[in-house]
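> Next input, structure requested:
(chains A and B)
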Number of protein chains: 2
Amino acid sequence: MIDTILLAHGSGGTMSHQLITDIFREAFANPTLDQMLDAAVVEVPTGRIAMTTDSFVVDPIFFPGGDIGKLAICGTVNDLAVSGAEPKFLSAAFIIEEGFPLADLKKIVGSMRDTAVRAGIMIVTGDTKVVEKGSADKVFINTTGVGILPAGRYLSPTCVKPGDQVIISGNLGDHGLTILAQREGLSFSTPVESDCAPLNAMIGEALKYGDAVRCMRDPTRGGLATTLNEIARQGKVGITIQEDLIPVSPEVAGACDMLGMDPLYMANEGKVIIFAAAEAAADIVAALRQTAEGKNAAVIGEVAAEPPGMVLLETTLGATRVLGMLEGEHLPRIC
Amino acid sequence: MIDTILLAHGSGGTMSHQLITDIFREAFANPTLDQMLDAAVVEVPTGRIAMTTDSFVVDPIFFPGGDIGKLAICGTVNDLAVSGAEPKFLSAAFIIEEGFPLADLKKIVGSMRDTAVRAGIMIVTGDTKVVEKGSADKVFINTTGVGILPAGRYLSPTCVKPGDQVIISGNLGDHGLTILAQREGLSFSTPVESDCAPLNAMIGEALKYGDAVRCMRDPTRGGLATTLNEIARQGKVGITIQEDLIPVSPEVAGACDMLGMDPLYMANEGKVIIFAAAEAAADIVAALRQTAEGKNAAVIGEVAAEPPGMVLLETTLGATRVLGMLEGEHLPRIC
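Next comes the predicted model:
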């Protein structure tokens, strides 16, 4: 009885077919995937699609609140959703290290299936490669997503205007701290867990406010601070956020304090930043708070014409300082 | 002066942005990519798209006739093309080992650009992850492609009928032997090189014959024999091929003979198998032969109702034997 991945599982021959049938098709079965063509053929309304890709190399592959499989679905679903698209079709490509336990692969694939169902996205095509022991670390997953963009919808940093409000959908730093704690063997009296979640349903609530939603981004690698800097630069606006408005759980705040980390630079996998017209911001926050993923949503700042391309932080003590992009490496293989 | 990949290049922060600007945007620049959104937004004129994904882990990453970058474009372009789609949009995701030379990355990205231009496909979105030294072998690339399917076109093994002819577009085994020779340090008096090429232009010539083209596949991992078995099983038909009709270069035939390898199981990266109606087969072969990639195209066999799901080989000596799928592992990391 074979219970680990062998090089022959990546050969394209009999064992590849067995792996695909027993593990991937078993979990992901749907009429498109079942056709087993070189490319999946799917229907889309004539018009615009959104397309995004992400590879996942997170270490450890299992962590409180999720695993690499759940993360691989959420990451791509969320990138489609923040672009205003309805996530529809997903590819899943695995690079697996020889010797990887089949039981772990099944668990990961099961998470992918469950998360895809929750997000309403269909896995339509895939690929598996196997590399020799020592040539990759356990398993890497790429997901690439296609979503449908409703006519007329366009979200971009270039749509952000002075006076717009900055909304965050919940507490910062949960994913980053969870991975760090797992990797370093740290434990806290109140356990932390990753916020990893598909956000398309929650984002759908915000999108009901139409053009009042200018731009959305999920603050993953590099955290809130880096993502805001990207938007400030691309939108050529200034962004000022208020430290005392930024939601951070007491556990993450305490642990970051102890470890010398900053939650504003820590990765999130279940949060969205929304730039919204001032008159709609309070309603959007109220709508987000009705959802499980958005219960701690808050307005945390505002857009101004000045200083263009920069992010300022007004601290709890009343000082104002420049909040730069992440420099160097915070925590490798966070996603 | 930094000349290798650092972990910070994968942080999502300042160095990630620099890498994207200096290497990826520099090479791939186009209006969609330049928007730098979380998801690329592209137009789809018809109601059906084809979607396919492949990760590339080939070792060595540079080889005669190509490199991992060229391969990553060709592999996905060809999977779209054999499904009958016009390749349009591509994502490119890199997993890079810490310490990888930036000069090599530039060379690979340059190959990707050149091949994408040749194939007429646009790289619209991407991702970069960096893992610690020893956690991946140099560089892995995933490409996922989206193509447009003309109305009414449907190619599938289920369209294959008894009496259809089996066409191969050229010599078998060039890619497989090239990788094997590089890896094992073998050299031949007449050098071999990979057949790696985008085939969409050549395939376009065959598609002019409309419904006479039933199904196409590119025989990559597992080679001709494995791919024919997949089609025989999915189409529930019997396929008989004639050994003396199968084009193999004298170099590959000689080397395979010496090494105990079988060209029918060796990977190809620039060949297509076409199942075509008998009355159109000779014309399709003639059309393929007008192209650079198809100059050695030939009819190599025929489809019958019996034995369903099986492939038979009529040998040069007149015997008939069952040609099975690839068993075990022929050559790991061939693509």
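> need the residues of the stretch 201-335 of chain A near chain B, please.
Counting by CB under 8 Å from any CB of the partner chain, the stretch 201-335 of chain A comes close to chain B at A:217-218, A:220-222, A:226, A:230, A:234, A:267, A:324-330, A:332-333. Every C-beta, even on glycine, is put in place using the N, C-alpha and C of the backbone.
> what do you get if the cut-off is 6 Å, keeping everything else the same?
A:221-222, A:226, A:325-329, A:332 (CB under 6 Å from any CB of the partner chain).
> in stretch A:188-200, what counts as buried?
A:192, A:194-200 (16 or more other CB atoms under 10 Å in any protein chain shown).
> that older thread, can you name the two of the residues of the stretch 201-335 of chain A next to chain B that sit furthest apart?
Farthest pair in those (CB to CB) is A:M325 and A:P332. Separation: 16.9 Å.
> related to what we said a few turns ago, dump the buried residues of stretch A:188-200 into a markdown table; add pLDDT and distance to chain B as well.
Converted to a markdown table, those look like this (pLDDT from 0 to 100; distance: CB to the nearest CB, whole Å):
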| residue | pLDDT | distance to chain B |
| --- | --- | --- |
| A:V192 | 93 | 21 |
| A:S194 | 98 | 17 |
| A:D195 | 98 | 17 |
| A:C196 | 98 | 16 |
| A:A197 | 98 | 16 |
| A:P198 | 98 | 15 |
| A:L199 | 98 | 12 |
| A:N200 | 98 | 12 |
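> Restricted to buried residues, select the residues of the stretch 201-335 of chain A next to chain B in ChimeraX.
Command for ChimeraX that selects the buried part of those, burial taken from 16+ other CB under 10 Å:
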select /A:221,222,226,325,326,329,332
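> any idea where the strands of chain A begin and end?
For chain A, strands defined by DSSP state E occupy the ranges A:40-43, A:47-56, A:62-63, A:66-67, A:86-97, A:122-131, A:139-149, A:165-168, A:213-217, A:238-242, A:273-276, A:298-304, A:311-314, A:320-322.
> can you give me the helices in chain A?
Along chain A, counting by DSSP state H, helices occupy A:14-19, A:26-28, A:31-34, A:68-82, A:102-119, A:174-184, A:200-207, A:223-235, A:250-259, A:278-289.
> so which of those helices is the most packed in?
Per residue and on average, the most neighbours among the helices of chain A fall to helix A:68-82, with a mean of 29 (mean count of other CB atoms under 10 Å in any protein chain shown).
> Contacts for that helix next, please.
For helix A:68-82, the surrounding residues in contact (CB atoms under 6 Å, 6 or more residues apart in numbering or on different chains) are A:50, A:52, A:54, A:56, A:58, A:61, A:87, A:108, A:111-112, A:115-116, A:119, A:121, A:141, A:143, A:145, A:147, A:196, A:198-200, A:203, A:216-218, A:269, A:272, B:38-39.
> Please tell me the pLDDT value assigned to the residue nearest to A:G309 when sequence neighbours are not counted.
Spatial nearest neighbour of A:G309, excluding adjacent residues (CB to CB, 6 or more residues apart in numbering or on different chains): A:R233 at 4.7 Å. Per-residue pLDDT puts A:R233 at 97.
> A:Y265: how many residues sit nearby?
27 (other CB atoms under 10 Å in any protein chain shown).
> which residues does the closest residue in space to it that isn't next to it in sequence contact?
Excluding the flanking residues, the one nearest A:Y265 by CB to CB, 6+ apart is A:G223, at 4.2 Å. For A:G223, the contacting residues are A:264-266, by CB under 6 Å, 6+ apart.
> State the pLDDT value of the most centrally placed residue in chain A.
The residue lying closest to the centre of chain A (CA atoms, centre = their mean) is A:G75, at 3.2 Å. A:G75 is assigned a pLDDT of 98 by the prediction.
> For A:A72, see how far away A:L90 is.
The spacing between A:L90 and A:A72, counted by CB to CB, to the nearest Å, is 9 Å.
> Which neighbours do those two have in common?
A:T143.
> Spatially nearest residue to whichever residue of the stretch 151-300 of chain A sits closest to chain B, not counting backbone neighbours?
Closest contact between the stretch 151-300 of chain A and chain B, by CB to the nearest CB, is at A:R221 (2.8 Å). Spatially, and ignoring its direct neighbours in sequence, A:R221 is nearest to B:G12 (2.8 Å; CB to CB, 6+ apart).
> Same question for A:G294.
Ranked by CB to CB, 6+ apart and with sequence neighbours excluded, the top spatial neighbour of A:G294 is A:L288, at 3.3 Å.
> Can you verify my assumption that that neighbour contacts A:A298?
No - under the criterion of CB atoms under 6 Å, A:L288 makes no contact with A:A298, lying 9.1 Å away.
> Surely the residue of the stretch 151-300 of chain A closest to chain B touches A:A267?
Yes - counting by CB under 6 Å, A:A267 is a contact partner of A:R221 at 5.5 Å.
> one step back: who's in contact with the residue nearest to A:G294?
Counting by CB under 6 Å, 6+ apart, A:L288 has contacts A:169, A:294, A:297.
> among those residues, who's most crowded?
For these, neighbours tallied by other CB under 10 Å; top is A:S169, 30 neighbours.
> any weak-confidence spans in chain A?
Within chain A, no stretch has pLDDT under 70.
> How is it divided into domains?
Per automatic domain parsing, the structural domains of chain A span A:7-149, A:157-322.
> Quick check: end-to-end length of the first one?
What it means is domain A:7-149. 40 Å (CA to CA, to the nearest Å).
> ok now it, how far from the chain's centre?
Counting by CA atoms, centre = their mean, to the nearest Å, domain A:7-149 is centred 15 Å from the centre of its parent chain.
> Skipping adjacent residues, who's closest to A:P101 in space?
Distances taken as CB to CB, 6+ apart place A:T4 nearest to A:P101, at 5.6 Å, with adjacent residues excluded.
> what do you get for A:D34?
Per CB to CB, 6+ apart, closest to A:D34 is A:R25, 7.0 Å.
> From A:T316, how far off is that neighbour?
54 Å.
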